[in-house]
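1. any chance you can model this:
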Amino acid sequence: MTAVKQDQRSLHTSVFSGEERVVALHQVERDDWKSSRIALTATLPMKEIEEGPWSDVAVVAVLTEKATNTRTTAVLRRQGEGGAEWAGRIRLRRADHRSQAELSVTVVATVDGVAGRVIGTSEEKWTVDLTARTPVRRSELQVDEVDFADGPHEWLRAFKDAPWLVETSGDLPTVHVNTGFEGISELLNSGGGPLERGIRDMLAAQIATDVWTAVFHSAVSDLELDADGNPEWPGGWRDAVLNGMLSDVLPGMSGIDALNEIHARRGESSGWNELQPRINYAAARRAKVARNLGTALRVLDMSQRENKA
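-> Numbers count the residues shown, from 1 in each chain. Predicted coordinates for the structure are as follows:
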């Protein structure tokens, strides 16, 4: 999907951002609106579409929100004879949504006599945010600094000896940092000299590794299946996690092939276990462990040399 446009007769251009891929609909010129029509254009690789083993190709815009289990579709029409662009509008009804909806494009066709088979999806998804005044993509991670032993979260008291904990059950993954663990909060929020910064960055990289590992496992364990039993690409932060890690977990595969493979392997204990080193490696890469460790070791070596001099 290459562009999303608003109906300029009713909305100002400031409500959407092509760079952020976000449409912000909170109080768009009035706070009593009930529905909005979003115009969009999708550009397809027509050579692949025309040469593939399928027929009756159709392009559909899909607007979904998991929080309300809402799914709205609209058919896009081809622009011009033999053109690669398909355009149309999709209506968002405010009462059907709570917070954020995801807008994507799906290409379907008849394959081997079976109609409605998915043969492609948009590379980039847009977020339609009903609670945002400006079109800026929200953070996909929350950090909660709290005393596990005496803080407001009673469930964390069972983990009072842990320096941090990653939770993936909410709308966004959350890293709970235990302020009751002596020194950790001060170190993470400190400036200090090169040695202290090196230690801080190593600690942050370790926390980030735990985060990437946890959110990856959560993303692949929460996949939804289509009518044929194949996994569907998720939305929200799970989309970012899989896009960021699957190429390292299953190198050489396309995104959708890797998603199918990861889903199949989860059903096979041996195949899933064999992937754990790749998952750990992918998490460490995303957390930049090697770079932070290398920097810390160089700083430590320099500090020791200076002490000996």
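2. how close does the nearest residue to F16 once chain neighbours are set aside sit to D248?
-> Using Cβ to Cβ, 6 or more residues apart in numbering and skipping residues adjacent in sequence, the residue nearest F16 is V23, 4.5 Å away. Every C-beta, even on glycine, is put in place using the N, C-alpha and C of the backbone. Distance of V23 to D248, computed by Cβ to Cβ, to the nearest Å: 31 Å.
3. more neighbours: these two, which one.
-> For V23 versus D248, neighbours defined as other Cβ atoms under 10 Å are more numerous around V23 (26 against 15).
4. ok, now which ones touch the more buried one?
-> V4, Q6, V15, F16, I38, L103, W126, T127, V128, D129, P135 (Cβ atoms under 8 Å, 6 or more residues apart in numbering).
5. could you redo the last one with a cut-off of 7 Å?
-> Counting by Cβ atoms under 7 Å, 6 or more residues apart in numbering, V23 touches V4, V15, F16, I38, W126, V128, D129, P135.
6. check D228 too.
-> Contacts of D228 by Cβ under 7 Å, 6+ apart: none found.
7. what's the answer for L275, then?
-> Shown in contact with L275 (Cβ under 7 Å, 6+ apart): V249, R265.
8. do the same with V249
-> L275, R278, I279, A282 are the contacts of V249 under Cβ under 7 Å, 6+ apart.
9. and for A219?
-> By Cβ under 7 Å, 6+ apart, the residues touching A219 are P234, R238, V241, L242.
10. out of those residues, name the ones that lie in helices.
-> R238, V241, L242 (DSSP state H).
11. nearest residue to the last one other than its sequence neighbours?
-> Going back to what we said before, that points to L242. For L242, the spatially nearest residue (Cβ to Cβ, 6+ apart) is A219, at 5.5 Å.
12. what helix or strand does that neighbour sit in?
-> Per DSSP states H and E, A219 falls inside helix 194-221.
13. now swap in N307 and tell me
-> Using DSSP H and E, N307 falls in helix 289-308.
14. sec struct for G80, please.
-> Here G80 is coil, with the state taken from DSSP: H, G, I helix; E, B strand; the rest coil.
15. how far away is it from W237?
-> 38 Å.
16. compare the two (neighbour count), which wins?
-> A count of neighbours by other Cβ under 10 Å puts W237 above the other of G80 and W237, at 19 against 7.
17. check that one and give its pLDDT.
-> Looking at W237, its pLDDT is 81.
18. equivalent analysis for H217, please.
-> Reported pLDDT for H217: 94.
19. next one: D226
-> 84.
20. cool, L11 as well?
-> For L11, the model assigns a pLDDT of 62.
21. A132 too?
-> pLDDT, A132: 72.
22. helix, strand or coil for it?
-> Per three-state DSSP, A132 ends up coil.
23. run a quick check on it versus E20, I expect a contact.
-> No: contact criterion Cβ atoms under 7 Å: A132 and E20 do not qualify, at 10.1 Å.
24. what about the two, which has more around it?
-> Taking other Cβ under 10 Å, A132 and E20 do not tie; A132 has more neighbours (19 against 16).
25. residue contacts, the closest residue to that one other than its chain neighbours?
-> Spatial nearest neighbour of A132, excluding adjacent residues (Cβ to Cβ, 6+ apart): A24 at 4.2 Å. A24 sits next to V15, D129, A132, R133, T134, P135 when contact means Cβ under 7 Å, 6+ apart.
26. which one of the contacts of A219 sits in the busiest neighbourhood?
-> So for these (other Cβ under 10 Å), the most neighbours sit at V241, 25 neighbours.
27. against W212, how distant is that one?
-> Distance from V241 to W212, counting by Cβ to Cβ: 7 Å.
28. now R197
-> Taken as Cβ to Cβ, the span from R197 to W212 is 22 Å.
29. in the stretch 51-200 of the chain, mark out all the strands, start to finish.
-> 55-65, 70-78, 85-93, 100-111, 114-121, 126-129, 142-146, 164-167, 174-178 (DSSP state E, counting those that start in this stretch).
30. ok, which of these comes nearest G229?
-> Proximity to G229 (Cβ to Cβ) singles out strand 114-121 among the strands of the stretch 51-200 of the chain, at 12.8 Å.
31. so what are the sheet partners of the closest one and their directions?
-> Strand pairing for strand 114-121, using DSSP bridges, gives strand 100-111 (antiparallel).
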